[in-house]
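In: fold the stuff below for me.
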Amino acid sequence: MHFNVTKQHNLRFFNKYKNQQSDNQFSFVFLQPNMIPQYPDMVNIALFASGNGSNVQRISEYFAHSDQIRVKLILSNKSEAYVLERARKLNIPAFVFDREGLSDPGKVLKTLENYEISYIVLAGFLWKIPDNLLKVFSGRIINIHPALLPKYGGKGMYGMKVHDAVIGAGEEESGITIHHVNDGYDEGQIIFQARCHIDPGDTPERLAEKIHQLEYDYFPKVIESVVLQRPLP
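Out: Coordinates of the predicted model:
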């Protein structure tokens, strides 16, 4: 298992929240008061997701009662994604955006600043992060990949496509990779990897179950470790 938590300067934003006007590029979905108490040294994180959002659920629940880290915002590039329903039930503000909104500094980036976001976590988000976000959040964007990078990564390798490829290649193990995000697909510095054995007869679906369990067990803890600049407990 590889584990290397890098210390990053925790750059904070102090812009006050301003209501965003909905348009075709960036849609305000809903906003409800967050029930988590306000702490002066709280680190705010934003979760990006494109689909079901099971990792978003797990991460949000993990930090729900933390006095150090708070999930302040959930963003998605798909208006029909179930992660938005999870956000509603979790009482966390959620936004939907398109490609133009993601790249426009006055849309997604401005909203992240308004919510005083310090870290971005990609939890099943399928689009490449544009340069404007990479520059502002340098070293503070974290992604999870459902395989042991550098194998089975790159453009188009996500979800069941990864597990199909791993099983098809006859691999004896797979796992998860949590890594920093740069301007390449799955090429950022590796932070942490956890492995699972592939048993004879395992299907891609069975492997997916094993990988999901690793994600639920480790992703929130590694996020905590990186944000607070400390090793895993």
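
In: and residue 95, how far from residue 153?
Out: Residue 95 sits 28 Å away from residue 153, going by C-beta to C-beta, to the nearest Å. C-beta: built from backbone N, CA, C; applies to glycine.

In: can you list the neighbours in contact with the helix of greatest length in the chain?
Out: The longest helix of the chain (DSSP state H) is helix 204-228. Helix 204-228 is contacted from outside by 5-6, 8, 10, 43, 45, 54-55, 58-59, 62-63, 68-69, 118-119, 121, 123, 142, 144, 146, 160, 163-164, 166-167, 174-176, 178, 191-192, 194, 196, 198, 202, 231-233, using C-beta atoms under 8 Å, 6 or more residues apart in numbering.

In: got the contact list for the residue nearest in space to the middle of the chain?
Out: The centroid of the chain falls nearest to residue 122 when counting by C-alpha atoms, centre = their mean (2.2 Å). Residues near residue 122 by C-beta under 8 Å, 6+ apart: 48-49, 129, 141-144, 181.

In: same check, this time on residue 144
Out: Residue 144 touches 55, 122-124, 176-179, 215, 219, counting by C-beta under 8 Å, 6+ apart.

In: returning to that earlier point: just the buried residues from the contacts of helix 204-228, in ChimeraX please.
Out: Applying 16 or more other C-beta atoms under 10 Å to those, the buried members can be selected in ChimeraX as follows:
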select :5,8,43,45,54,55,58,59,62,63,69,118,119,121,123,142,144,146,163,164,166,167,174,175,176,178,191,192,194,196,198,202
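
In: shaky segments in this structure?
Out: Applying pLDDT under 70 to the chain picks out residues 1-40, 233.

In: going along the chain, name the strands of it.
Out: 26-30, 43-49, 69-76, 94-97, 117-122, 141-145, 173-180, 190-197 (DSSP state E).

In: adding distance to residue 105, write those strands out as TSV.
Out: Rendered in TSV, the data for those read as follows (distance: least, C-beta to C-beta, whole Å):
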stretch	distance to residue 105
strand 26-30	12
strand 43-49	16
strand 69-76	15
strand 94-97	13
strand 117-122	14
strand 141-145	16
strand 173-180	22
strand 190-197	27
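
In: right, and the ones you listed - which one's nearest residue 106?
Out: Proximity to residue 106 (C-beta to C-beta) singles out strand 26-30 among those, at 8.9 Å.

In: nearest residue to residue 120 in space, please, no chain neighbours.
Out: residue 141 (4.5 Å; C-beta to C-beta, 6 or more residues apart in numbering).

In: can you count the residues close to the one you found?
Out: Close neighbours of residue 141, defined as other C-beta atoms under 10 Å, add up to 21.

In: with the one 10 residues further on instead?
Out: Burial of residue 151 is recorded as 15 neighbouring residues (other C-beta under 10 Å).

In: can you check the one 3 residues further on too?
Out: Neighbours of residue 154 under the rule other C-beta under 10 Å: 14.

In: and the nearest residue to it once chain neighbours are set aside, how many neighbours?
Out: Sequence neighbours aside, residue 185 is the residue nearest to residue 154 in space, at 5.0 Å (criterion: C-beta to C-beta, 6+ apart). Counted by other C-beta under 10 Å, the residues lying close to residue 185 total 16.

In: phi first, then psi, for residue 185.
Out: phi -80, psi 120 (degrees, to the nearest 10).

In: go ahead and confirm it touches residue 128.
Out: Yes - contact criterion C-beta atoms under 8 Å: residue 185 and residue 128 qualify, at 6.6 Å.

In: the closest residue to residue 95 other than its chain neighbours and residue 178, how far apart?
Out: Computed as C-beta to C-beta, 6+ apart, the closest residue to residue 95 that is not its neighbour in sequence is residue 75, at 5.0 Å. The gap separating residue 75 from residue 178 is 19 Å, by C-beta to C-beta.
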